[in-house]
Every structure is written in structure tokens, then in C-alpha cells.
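Q: Quick one, fold the following:
(one chain, ligands or ions: 1)
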Amino acid sequence: MTEHIPVLIAEILAFLQTRPKVGKVLDCTLGLGGYSEAVLETFPEVQVWGLDQDDEAIRIASDRLEPFGNRFHPIHGNFAEAAELAGNAGPFDAILFDLGVSNLQISEGYRGFSFQSDGPLDMRMNRHFSLTAEYLVNNWTEKELSDIFWKYGEERYSRQIARGILRHRENRGKIETTGELVSVIRETLPAPVQRKMGGHPARKVFQALRIAVNDELAVLEQGLSGAFELVRPGASVAVVSYHSLEDRIVKHFFREKQKENLGTIETKRPLIPSDEEIERNYKARSAKLRLFVTNEPGKETKPKW
Ligand SMILES: C[S@@+](CC[C@H](N)C(=O)[O-])C[C@H]1O[C@@H](n2cnc3c(N)ncnc32)[C@H](O)[C@@H]1O
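A: Got it, this is the predicted structure:
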């Protein structure tokens, strides 16, 4: 079975333990249930609602969390709609986001997220939707592709790669699998450029396509707004992000909420995994945790920074 090692969970639990009440928690990115399980184990009285747009994740996490009986409640849907999906269960004492993809999605070739194992060019977190990476790669213009590779992947060679994809489409037809896309990228970029890129030459293009297919940046803004409608005063909002585009959105969102006098940013700088955590789980290396606490009634916000 696929495992996903929860990232920065010790830091999240340590923070929650400093809070006066942790009765109801909304885990907006249930994944394989690592965060939810840790919260259920740490706080014996807590009830957890776990939301995910991936029905495969919901099924696996629900099986894993069955021992907790009716203390755990799965919800299938997009966290952009958290306010509607979880409104009846709130208000919550803590809302958690662990953004991006789970190990289940990234490591199984058939989900189409991986540049390392071959599979259909899919990349949908919610497989009930119709927009896939295959559609984008084969139907978007060179400019549209180049723009998302640059904007969502921060890929320096965005234009060359988009041109290579178009050339392949014109001369050899559709690109249908992750393996084919990786080959096109490798054929397009000269070997010395690929060596200079550091990581895998397809990494940033895959990140960009994933963000575009799942509209990840727009739904993050909506999800954070929804979370603020669901919290009680004095509640914690914890967000773990894995790339600078997401982290920037979270940082600015929290700053706005602090300016609006809705609460306090608890992390001047984001918390990052310790060397030991990265050694145990290399996938944690880019993680950043930001924490916010909403105002208690009658208390003035006193920004810490
Ligand atoms: C990094 S994993 C979470 C892992 C989890 N914390 C654990 O320890 O097992 C992220 C999960 O969030 C889900 N997800 C990402 N964006 C989402 C969204 N907009 N709405 C609902 N679920 C989302 C993904 O499908 C994935 O299962």
C-alpha cells in the first residue's frame, strides 16, 4: 500500500497543544489521513472532518481512520467549497491545509502526475472532472503552454519546451502519456542545458501542468477565504505549502487578515522541517508551515510583527 509520511505534523501538533481548546478540526487536505490520524490520536476528545477532492484518497483514509468511529467524518469535495461542504459541522477550533499532491497521486503512474513512472497524461486530483493534462498539452497554443510553464513552473526554458511540444504535435501527433512528454522535453533541450537544470528536466513542466489542471492557486485563495468563514474565535489556521507560488498566497492572505484585525500571524517566518525530518522524508524538503490564530471576542488584535 502507498504510504505518505505526514510533513511538519510534530510542529502542528505542538502548536495545537498550546491552544485552550481543540474540539473540532477540519483537515482540508485529508490525503491518506496522516494529519487526521495524528490529531485524533493526540486529542482524545477531538472530532475531525477530513475533506479531499480525490475519491481514492477518501476511501483509503476512511479505512485507515475507521478505528476512530464517529470521531472522524470524511467529506468528498474541493476545499474551495469548504464553507458549503463543512458549514453545518463548524465552527472549527482548527483548520489544516497540507497542499499539493499525496504520495498516492505522485507515485502511481496511472494518476499521471509522475515524470518518473509512465502513465496516462492525467493529473486530475478529482477524477470526476474532465480537464486533463493531456487536453492542455495537445490543445493549448504554444503561447498558452509557454505562459503556464513560466508562471506556474518558473521554468526558464518555457518557450523552448512549448515549441518542442508543438513541433511534436505537428510532426508526430498527440502526446498521450507522461513518458512521451518526458521524451519530448528531453529531445527538445540540449544535453548541457539539461545538466544545468539541476533536477529532472521535466519537473517544473509537470508542476505547471498540475497547477493548471487543478486550478491550484485560485482554489487556494478560495479555500483560505472559506476557512475564515468556518472558524470560531481563537481558532488556528495552519497551512503547509511546497512551492513559492503557494507560500506567497498564504503569506499575503494572512497579512491581509491581520490588517483587517481578524487575528494574529503566529509565524513571522514560516516553520520548515528539521534536518532529521528531511533525512527521513526527502519530499518534505521544500515544505513551509504558516500559522494564524483568529481573534478571541473582546480582544484587540496585537500584531506580533
Ligand atoms: C499532501 S496531500 C495531504 C496528505 C495528508 N496531510 C497526510 O498526511 O496524509 C494533499 C491532499 O490534498 C488534496 N487536495 C489538494 N488540493 C485540494 C483541493 N483544492 N480540495 C480538496 N482536496 C485537495 C489532494 O487530493 C491530496 O490528497
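Q: who does the top strand by length along the chain touch, helix- and strand-wise?
A: Counting residues, the longest strand found in the chain (DSSP state E) is strand 231-241. Packed against strand 231-241, as judged by 3 or more Cβ pairs under 8 Å, 6 or more residues apart in numbering; DSSP states H and E, are the following elements: helix 9-17, strand 92-98, helix 216-230, helix 244-259, strand 288-294. Where you see a C-beta, it was placed from the backbone N, CA and C, and this is true even at glycine.
Q: Including mean neighbour count, could these go into TSV?
A: As requested, these are exported to TSV (neighbours: other Cβ atoms under 10 Å):
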stretch	mean neighbour count
helix 9-17	17
strand 92-98	26
helix 216-230	19
helix 244-259	17
strand 288-294	22
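Q: Please enumerate residues in contact with the longest strand of the chain?
A: Residues from elsewhere that reach strand 231-241 (Cβ atoms under 8 Å, 6 or more residues apart in numbering): 7-8, 12, 15-16, 19-21, 90-100, 224, 227-228, 247, 250, 254, 266, 287-297.
Q: now the angle from that strand to helix 9-17?
A: Relative orientation of strand 231-241 versus helix 9-17 (axes from the mean of the first three to the mean of the last three Cα atoms, to 10 degrees): 160 degrees.
Q: Go through strand 231-241 and flag the buried ones.
A: Buried residues in strand 231-241, counted by 16 or more other Cβ atoms under 10 Å: 231-232, 234-241.
Q: which phi and psi does the residue of the chain most remote from its centre have?
A: Distance from the C-alpha centroid of the chain, by Cα atoms, centre = their mean, peaks at Asn171 (36.0 Å). Torsion angles at Asn171 (phi, psi; degrees, to the nearest 10) stand at phi -90, psi -30.
Q: For the ligand, see how far away it is.
A: According to Cβ to the nearest ligand atom, to the nearest Å, Asn171 stands 36 Å off from the ligand.
Q: residues touching Leu224, list them.
A: Taking Cβ under 8 Å, 6+ apart, we find Leu224 in contact with 97, 237, 239, 249-250, 253.
Q: can you rerun that using 7 Å?
A: The neighbours of Leu224, taking Cβ atoms under 7 Å, 6 or more residues apart in numbering as the test, are Phe253.
Q: mind giving me the domain ranges of the chain?
A: What automatic domain parsing lists as the domains of the chain is 9-104+216-294, 107-214.
Q: In TSV: the ones you listed, plus mean pLDDT.
A: Output for the domains of the chain, formatted as TSV (pLDDT from 0 to 100):
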stretch	mean pLDDT
domain 9-104+216-294	96
domain 107-214	94
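Q: got those domains as TSV, with distance to Glu3 columns?
A: As requested, those are exported to TSV (distance: least, Cβ to Cβ, whole Å):
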stretch	distance to Glu3
domain 9-104+216-294	6
domain 107-214	9
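Q: Out of those domains, flag the one nearest Thr2.
A: Closest of these to Thr2 is domain 9-104+216-294, at 4.5 Å (criterion: Cβ to Cβ).
Q: any chance of the helices and strands packed on strand 231-241 in CSV, plus distance to the ligand?
A: Below are the helices and strands packed on strand 231-241 laid out as CSV (distance: least, Cβ to the nearest ligand atom, whole Å):
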stretch, distance to the ligand
helix 9-17, 7
strand 92-98, 4
helix 216-230, 4
helix 244-259, 10
strand 288-294, 12
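Q: Done for today, thanks.
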